[in-house]
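*Asks:* Kindly generate the corresponding structure for this input.
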Amino acid sequence: MRHIEIQVEFPAVPREHATRPLVLAPTRWAYVLSGCLAVAASVSAGVSLWAPSVLTGPEVTRGNLRGTALVVLAVGVPALLVAMAASSRGSARGLVVWLGAIAYLLYQGVLFCFGTPMNNLFLAYVAMLGLGLWSLLVLLRAVEVHRFAARVDGRMPTQQLAAVTALFAVLNGLAWLVRILPVVFTPHPGSLLEGSGMLTSPVWVQDLAFWVPAALVAAWWFWSHRPWGVLLCGGLLTFYAVECLSIASDQWFGAQADPSQPDLASTALVGPFLVLGAALAAAVVWHLRHLDRTD
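*Replies:* So this is what the prediction gives:
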């Protein structure tokens, strides 16, 4: 039971631990499911991007989906595969990025399933969503958290990075509530989604119901120097960085598809989200620099 003490503080990383290949418990399922997720995401995004005639619904949301599909193919899936390969060699950094890549693809799986009217890719979208969920659960179950903690540099800026995670989560939640609250109690709450073809927003639902609360809990654990906090916050920061790039892309594609719907897609948002994504990417690098240290 000596590993319980790592819930309080992170030990410095001895040189002999730098190559220890035991961040995950021995299991093939995390790799199998994530590999299948990469295939499902590639099919879903690839056909959505290169065969847009398959998509249905308003032009603006079809454009949004194609913009998201581009980032899934160019960033999400490659990040997942590279991180899996690194984790197989015992990298704690790879584990963090792997977790973030799964979270990103799971998030997009929800949007693909519920953010666009049903089309011929429906089963591929469902496979992406289901594999994303099960990949996440199996990966978290396989983590040897006490061994992961041994890879954390004692100089990890826990409070600063926890504050960045919490701040982004709070701003994310407030951004949606500012739009929702003035309308949701009126006789026509559905006016918020006019022109989108959606009955409700899968973005607002999953952000407010799960991702924002999860990020706040993870930030608190990170602030309190708990190993699960450093892992989850690293994964969430990775997810948020890629998601900001994804938003910039979907806004550009959506605005090009139908510039008459600025509430649903606007090129004015592309620059700010690219800047925010770069800032979050810098936070991810800052986080990863304090893992797998040998000095």
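*Asks:* From now on I want contacts and neighbour counts done on CA atoms only, so please keep to that.
*Replies:* OK.
*Asks:* next one: the helix ranked longest in the chain to chain centre, how far?
*Replies:* When the chain is parsed with DSSP state H, its longest helix is helix 227-257. From the chain centre to the centre of helix 227-257 is a distance of 6 Å (Cα atoms, centre = their mean, to the nearest Å).
*Asks:* Where in the chain is the helix or strand with the lowest mean pLDDT?
*Replies:* Lowest on mean pLDDT, DSSP states H and E among the helices and strands of the chain sits helix 145-149, with a mean of 91.
*Asks:* then that one to PDB, C-alphas only?
*Replies:* These are the backbone C-alpha positions of helix 145-149, laid out as PDB (Å, rounded to 0.1, in the frame of the first residue of the first chain):
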ATOM      1  CA  VAL A 145      -1.400   5.300 -12.100                       C
ATOM      2  CA  HIS A 146       1.300   4.800  -9.500                       C
ATOM      3  CA  ARG A 147       3.800   4.000 -12.200                       C
ATOM      4  CA  PHE A 148       2.700   6.900 -14.300                       C
ATOM      5  CA  ALA A 149       3.300   9.100 -11.200                       C
END
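*Asks:* following it, which helix or strand comes up?
*Replies:* Per DSSP states H and E, the first helix or strand lying C-terminal to helix 145-149 is helix 158-184.
*Asks:* Check which helices and strands that next one sits against.
*Replies:* helix 212-223, helix 227-257, helix 270-288 (3 or more Cα pairs under 8 Å, 6 or more residues apart in numbering; DSSP states H and E).
*Asks:* now the angle from the second one to helix 158-184?
*Replies:* Here the directions of helix 227-257 and helix 158-184 differ by 50 degrees (axes from the mean of the first three to the mean of the last three Cα atoms, to 10 degrees).
*Asks:* Over to the shortest one?
*Replies:* Counting by the same axes, to 10 degrees, helix 212-223 lies at 160 degrees to helix 158-184.
*Asks:* Can you show me the CA trace of helix 212-223 as PDB?
*Replies:* The C-alpha coordinates for helix 212-223 follow below in PDB (Å, rounded to 0.1, in the frame of the first residue of the first chain):
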ATOM      1  CA  VAL A 212     -17.000  21.100 -18.400                       C
ATOM      2  CA  PRO A 213     -17.700  19.300 -15.100                       C
ATOM      3  CA  ALA A 214     -15.000  16.700 -15.900                       C
ATOM      4  CA  ALA A 215     -12.400  19.400 -16.600                       C
ATOM      5  CA  LEU A 216     -13.200  21.100 -13.300                       C
ATOM      6  CA  VAL A 217     -12.900  17.900 -11.300                       C
ATOM      7  CA  ALA A 218      -9.600  17.000 -13.100                       C
ATOM      8  CA  ALA A 219      -8.300  20.600 -12.500                       C
ATOM      9  CA  TRP A 220      -9.000  20.200  -8.800                       C
ATOM     10  CA  TRP A 221      -7.200  16.900  -8.600                       C
ATOM     11  CA  PHE A 222      -4.300  18.400 -10.500                       C
ATOM     12  CA  TRP A 223      -4.200  21.400  -8.100                       C
END
